[in-house]
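K.L.:
here is a sequence together with a model predicted from it:
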Amino acid sequence: MKTYWVAYQIALQETLQRRSTLIMDRLGGFAVVVSLYAFWTALIGDKATFLGYTRPEMLTYVLALNILRSFVFTGRGWQLVGEISSGKISSYLIRPLSYHGYALALDMAQKTVHVIASFFEVGFLAWLVQGELFLPRDPATWLIFGAAVLLSSLIFFFLEFAISTFAFWTSESGGPLFCFELFLQFAAGAFFPLDVLPLGLRRVLEATPFPYMVYFPVRIFLEKVSTAEAVRMLGMEALWLAVVFTAAMTIWARGVRSYAAEGG
Amino acid sequence: MAVAIETQGLTKDYRSPLKEPGLWGGVKSLFDRKYKDTRAVDGVTFSIEEGELVGFLGANGAGKTTTLKMLSGLLTPTSGSATALGHVPWKRETKFQGAISLVMGQRSQLWWEIPAYETFKLNQAIYGLSEADFRRHLDELVELLQLGEHLAVPVKKLSLGQRMRCELAAALLHRPRLLLLDEPTIGLDVVMQKNVREFIKAYNKRSGATIMLTSHNMTDVVELCKRVIVIEKGRLLYDGALDRLVERYADHKILRARFEAEVEPSDLKALGTVVKYEDRTVTLEVPRAKMAASAAALLRSYPVADLNVEEVAIDDIVRRLFSHE
């Protein structure tokens, strides 16, 4: 366990060391939130609700997106792809170390920094627009929301890990990873609430793990679902996590077995 | 003495996709991919005692790195067997991994943006070193490798030589009993090469660790290794003392003669291969069997002032082995 704690601390240092990358990352994310806010404000116009969302709920959705992006959508997929194609992965494979645990520790460090930054950004934006926010009254909602987000981030982590692991077989696994991330943002509800979509498509998406990463947690937070429904969603998340985790581990084990870093 | 490494018919095939040249070839290979199996290591058998320092030689692509990767557990062989420190390497057992290190000159395990010291702390945790052991091992390495002030500087700001020394320190912090070094002096300047060599020698002596190293740098091999294993095209070509390599592979000797007057070098062709002629001095490569006759003929027919017969230098032999001559 100590290994992962040390790795976490080192990664924290490194993230802070790369200040310009961090600032660029944050600016990019902030721009997305600002444009989403402008977009939704224009759509709501003078109406009291839009697609079942009141103005405070919509603002909350948009701001929550910023925090969730920072917590859920930060995997180590690109690092893994890079380390497999450069052969650096070898240096981990010969040490008594679980690469998953190590990558997760690194990811947690990244999340820590980004979530703290996102709270500042959200506070700033909320102050700027002076809009009313929706905050749940039931403490259970906060609890379930917290658990849901934690599971979401783990589902994302292992899903991204599983896809990146294909770098063991092809030097072109960056492509699928890129597509996955783009599709994921759409299917998770990180661009707009999935209520926007036709019912048929929504049903299809709801059968995948993607909506559990943003859309469902935010609906839990906005108390759009009953407690019973929220707990059922948690159960589904746990199930998806088990599936994705097993897949990631299996693909990894096969990948390592077929790993044949040629030459020097 | 106990055996540190033992291999039996170790063989590794690589499978690589064949692609016809051009765009059309690329499209075709998308649908009908053909593979080619390349035998990188072919039935290699050897055994190394604990505490030995062995040079592993061969041309590029001879199978050295592949063998080291199998011995460190990174690659599973296609056939054959091996044990290292009593373990089957590719089972990658924690106990085995805690007792070995593989250093590849062109790869880094150090964190790039932050000082090397942080990577050392991480390795301390990975290998479960107590604070006291960590301190003791680190102090020793800092002294041997003259790391001192480099520990606090972000790795990306270090020179190649400084980084390589930090790399070695990171790999040796847990005092591996088996050390596999792949081109440890590559890219270093002459002074640094010497330092790293001295360090390897000292580590071997101090810790009694078994070391196997590959190098294209002849000085590395000549200064460090009494025993060498040579492989060519994946096959074991020679396994034994470095000195004996000369007798075995040098089918000729060097005959050097200085003349009292200028001589036409092309006249000397009958005696052996003329390597060089300058300042009235000729260097000839003469087959061992012909040496006596050639020397006698030279003395008989030419105004010889001085004559000298030498063995071929070890470097030359190994260089020849490297370059497939």
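P.N.:
All right, it came through fine. What you see is a predicted model; the values in this text were computed from it and never measured. Residues are numbered from 1 along each chain as shown, chains lettered A, B, ... in the order given.
K.L.:
what number of residues lie near B:Glu223?
P.N.:
By other CB atoms under 10 Å in any protein chain shown, 14 other residues sit near B:Glu223. In this view, the C-beta of every residue, glycine as well, is placed from N, C-alpha and C.
K.L.:
residue numbers of chain A in contact with chain B?
P.N.:
A:2-3, A:5-7, A:10, A:13-14, A:17-18, A:87-88, A:90-91, A:93-97, A:257, A:259-264 (CB under 8 Å from any CB of the partner chain).
K.L.:
in helices, which of these appear?
P.N.:
Among the residues of chain A next to chain B, DSSP state H puts A:2-3, A:5-7, A:10, A:13-14, A:17, A:90-91, A:93, A:257 in helices.
K.L.:
in the chain, which spans are strands?
P.N.:
You didn't pick a chain, so chain A it is. Counting by DSSP state E, chain A has strands at residues A:49-50, A:53-54.
K.L.:
my bad, chain B
P.N.:
So, for chain B - with DSSP E - the strands run B:3-18, B:34-49, B:53-57, B:79-84, B:100-104, B:178-182, B:210-214, B:227-232, B:235-241, B:252-259, B:273-278, B:281-287, B:304-310.
K.L.:
which residues does A:Leu22 contact?
P.N.:
By CB atoms under 8 Å, 6 or more residues apart in numbering or on different chains, the contact set of A:Leu22 is A:Thr15, A:Leu16, A:Val113, A:Ala117.
K.L.:
mind listing what residue 34 touches?
P.N.:
Answering for chain A, as no chain was given. Applying CB under 8 Å, 6+ apart to A:Val34 gives the contacts A:Leu125.
K.L.:
can you look at chain B instead?
P.N.:
So B:Lys34 contacts B:Pro17, B:Leu18 (CB under 8 Å, 6+ apart).
K.L.:
what's stretch B:265-274 in contact with?
P.N.:
B:252, B:255, B:277, B:282-287, B:290, B:294, B:297-298.
K.L.:
tell me the most buried of the strands of chain A?
P.N.:
strand A:53-54 (a mean of 18; mean count of other CB atoms under 10 Å in any protein chain shown).
K.L.:
quick one: name the residues of chain B near chain A.
P.N.:
B:14-16, B:61, B:65, B:69, B:72-76, B:92, B:94, B:97-98, B:100-102, B:104, B:106-109, B:111, B:113-114, B:118-119, B:121-127, B:154, B:182-183.
K.L.:
gap between B:Arg175 and chain A?
P.N.:
14 Å (CB to the nearest CB, to the nearest Å).
K.L.:
er, B:Thr273 I mean
P.N.:
34 Å.
K.L.:
burial of that residue, as a residue count?
P.N.:
B:Thr273: 12 neighbours (other CB under 10 Å).
K.L.:
quick check: the gap between A:Leu197 and A:Val34.
P.N.:
24 Å (CB to CB, to the nearest Å).
K.L.:
can I get the strands of chain B in a markdown table with mean pLDDT?
P.N.:
Listed next are the strands of chain B as a markdown table, based on pLDDT from 0 to 100:
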| stretch | mean pLDDT |
| --- | --- |
| strand B:3-18 | 88 |
| strand B:34-49 | 90 |
| strand B:53-57 | 93 |
| strand B:79-84 | 95 |
| strand B:100-104 | 92 |
| strand B:178-182 | 94 |
| strand B:210-214 | 94 |
| strand B:227-232 | 91 |
| strand B:235-241 | 92 |
| strand B:252-259 | 89 |
| strand B:273-278 | 89 |
| strand B:281-287 | 90 |
| strand B:304-310 | 88 |
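K.L.:
mind checking which of the residues of chain B next to chain A are buried?
P.N.:
The neighbour count (16 or more other CB atoms under 10 Å in any protein chain shown) marks B:14, B:61, B:65, B:69, B:72-76, B:92, B:97-98, B:100-102, B:104, B:107-109, B:111, B:113-114, B:118-119, B:121-127, B:154, B:182-183 as buried among the residues of chain B next to chain A.
K.L.:
which residues touch residue 68?
P.N.:
No chain specified, so I'll use chain A. Contacts of A:Leu68 were listed using CB under 8 Å, 6+ apart, and they are A:Val149, A:Ser152, A:Ala190, A:Met213, A:Val214, A:Pro217, A:Val218.
K.L.:
looking at chain B here, not the other one
P.N.:
B:Phe56, B:Leu102, B:Leu180, B:Asp182, B:Met212, B:Thr214 are the contacts of B:Leu68 under CB under 8 Å, 6+ apart.
K.L.:
repeat that for A:Phe183.
P.N.:
A:Phe210.
K.L.:
returning to what we had before: most widely separated two among the contacts of B:Leu68?
P.N.:
Using CB to CB, the pair of those lying farthest apart is B:Phe56 and B:Leu102, separated by 12.6 Å.
K.L.:
neighbouring contacts of stretch B:178-190?
P.N.:
Contacts for stretch B:178-190 (CB under 8 Å, 6+ apart): A:264, B:4-5, B:64-65, B:68, B:71-72, B:84-85, B:99-106, B:160-161, B:164, B:168, B:171-172, B:192-193, B:196-197, B:200, B:203, B:209-217, B:220.
K.L.:
out of those residues, which end up buried?
P.N.:
Looks like the contacts of stretch B:178-190 have A:264, B:4-5, B:64-65, B:68, B:71-72, B:84-85, B:99-105, B:161, B:164, B:168, B:171-172, B:192-193, B:196-197, B:200, B:203, B:209-217, B:220 buried, using 16+ other CB under 10 Å.
K.L.:
which of the contacts of stretch B:265-274 count as buried?
P.N.:
B:His252, B:Leu255, B:Tyr277, B:Val282, B:Thr283, B:Leu284, B:Val286, B:Ser294, B:Leu298.
K.L.:
bridging residues for the fifth one?
P.N.:
What that stands for is B:Thr283. B:Thr283 has these beta-bridge partners by DSSP bridges: B:Arg256, B:Lys276.
K.L.:
one step back: closest one of the contacts of stretch B:265-274 to B:Leu23?
P.N.:
Nearest member of those to B:Leu23, counting by CB to CB, is B:Glu285, at 50.2 Å.
K.L.:
quick check: closest non-adjacent residue to that closest one.
P.N.:
B:Thr273 (4.3 Å; CB to CB, 6 or more residues apart in numbering or on different chains).
K.L.:
then A:Phe73?
P.N.:
Nearest to A:Phe73 is A:Phe156, by CB to CB, 6+ apart, at 6.3 Å.
K.L.:
in this structure the one you found contacts A:Gly75, no?
P.N.:
Yes: look at A:Phe156 against A:Gly75 with CB atoms under 8 Å: they come within range, at 6.0 Å.
K.L.:
picking up where we left off before, out of the contacts of A:Leu68, what pair is the most spread apart?
P.N.:
A:Val149 and A:Ala190 (13.3 Å).
K.L.:
top of the contacts of A:Leu68 by neighbour count?
P.N.:
A:Pro217 (31 neighbours).
K.L.:
residue contacts, the closest residue to A:Val6 other than its chain neighbours?
P.N.:
In this structure, A:Val6 finds its nearest non-sequential neighbour in B:Ala125, 4.3 Å apart by CB to CB, 6+ apart. Contacts for B:Ala125 (CB under 8 Å, 6+ apart) come out as A:Lys2, A:Thr3, A:Trp5, A:Val6, A:Ala7.
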